[in-house]
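1. Sequence and predicted model, in that order:
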Amino acid sequence: MARAGELVADTLALVGEHVQPGITTGELDRIAEEYIRDHGGVPTSKGYRGFPAATCISPNAMVVHGIPGEHRVEEGDLISVDVGITLDGLIADSAATFAVGEIGAEARRLLEVCQEARDAGISQARPGNHVGDISHAVQTVVEGAGFSVVRSLVGHGVGRSYHEDPQVPNFGGPGRGALLQPGMTLAIEPMITAGGPEVYLHEDEWSISTQDGSLAAHFEHTVAILEDGPRVLTLAKTPAKAGLVP
Ligand code: MG
């Protein structure tokens with residue numbers, strides 16, 4: 001999984017470099033798929049429950065599960081990219097929201113808060129804690145900043161399958177839910193909005209956007225719980241210049 005995670009991080013960084021005005025999300029997806037396959041990986045999302053692409057790419061008010069296509073990236077966009085890769089039978093999953101050129105102050109803060117929330121969640125991913133400790137840490141950061149957590153979308157276990165138990169909500173009480181134990185691997189992924197928490201499903205049956213049209217952000221890491229705490233498996237070696245990938 002760590003090797004899969006490294007390839008996920010490199011793929012996200014590569015896509016991030018290409019998130020520039022004028023490119024389409026379909027072209028970004030082709031760049032990702034070629035890189036993944038050239039490095040021996042399989043894009044986990046392609047064909048997953050019928051999803052047609054190697055990545056999910058969700059602009060602006062779209063939160064997750066956007067189907068790459070004709071959308072042309074523009075200056076000021078927020079572009080969320082979600083990548084899952086299967087390598088030698090094991091899966092890692094990560095997402096980042098990239099800023100295209102100059103974005104507004106609130107959009108910038110939304111990206112910063114989403115990463116801060118993800119990292120607060122990760123810091124709770126240690127043996128003896130519960131899933132609810134992760135959830136509560138994420139929710140506290142997001143709502144403390146005046147933003148909203150999408151409640152109908154959750155993080156998850158990941159490893160031999162793309163989505164495994166336990167679910168990892170981005171809201172909830174500390175001490176609740178499954179006990180965290182060494183060897184568990186979780187996708188921790190705040191999906192947050194600058195407005196209300198309500199979302200809707202588009203007619204394509206995949207894309208999910210904010211009900212009120214407010215901007216959304218999504219940052220995700222795959223994390224292994226070790227005896228001495230969390231190990232992030234999807235860390236980029238070099239920060240992408242277009243965005244805020246850590
Ligand atoms: Mg993902």
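-> It's in. Numbers count the residues shown, from 1 in each chain.
2. CA atoms for contacts and neighbours, from now on please.
-> Noted.
3. so after the lengthiest helix in the chain, what's the next helix or strand?
-> Assignment by DSSP state H gives helix 105-123 as the longest helix of the chain. Downstream of helix 105-123, the first helix or strand assigned by DSSP states H and E is helix 131-144.
4. and that following helix, which residues are buried?
-> Buried residues in helix 131-144, counted by 16 or more other Cα atoms under 10 Å: Val131, Gly132, Asp133, Ile134, Ser135, His136, Ala137, Val138, Gln139, Thr140, Val141, Val142.
5. from those residues, which two are the most distant?
-> Distance extremes for the buried residues of helix 131-144: the farthest pair is Val131 and Val142 at 17.1 Å, using Cα to Cα.
6. Give me the phi and psi for the closest residue to Ile208 other than its chain neighbours.
-> Nearest residue to Ile208, sequence neighbours excluded (Cα to Cα, 6 or more residues apart in numbering): Leu201, at 4.7 Å. For Leu201, the backbone dihedrals (degrees, to the nearest 10) come out as phi -90, psi 130.
7. Neighbours of Leu201, how many?
-> By the measure other Cα atoms under 10 Å, the count of residues near Leu201 is 14.
8. and it, how far is that from the ion?
-> Noted for Leu201: a distance of 17 Å to the ion, by Cα to the ion, to the nearest Å.
9. Go ahead and confirm that residue touches Ser207.
-> Yes. Leu201 lies in contact with Ser207 (Cα atoms under 8 Å); the separation is 5.9 Å.
10. about what we covered before: next, the angle from the longest helix of the chain to helix 131-144.
-> 160 degrees (axes from the mean of the first three to the mean of the last three Cα atoms, to 10 degrees).
11. And the contacts of helix 105-123?
-> With Cα atoms under 8 Å, 6 or more residues apart in numbering as the test, helix 105-123 has contacts from 78, 97, 99, 133-142, 145, 147, 188-194, 215-221, 223, 229-230, 244.
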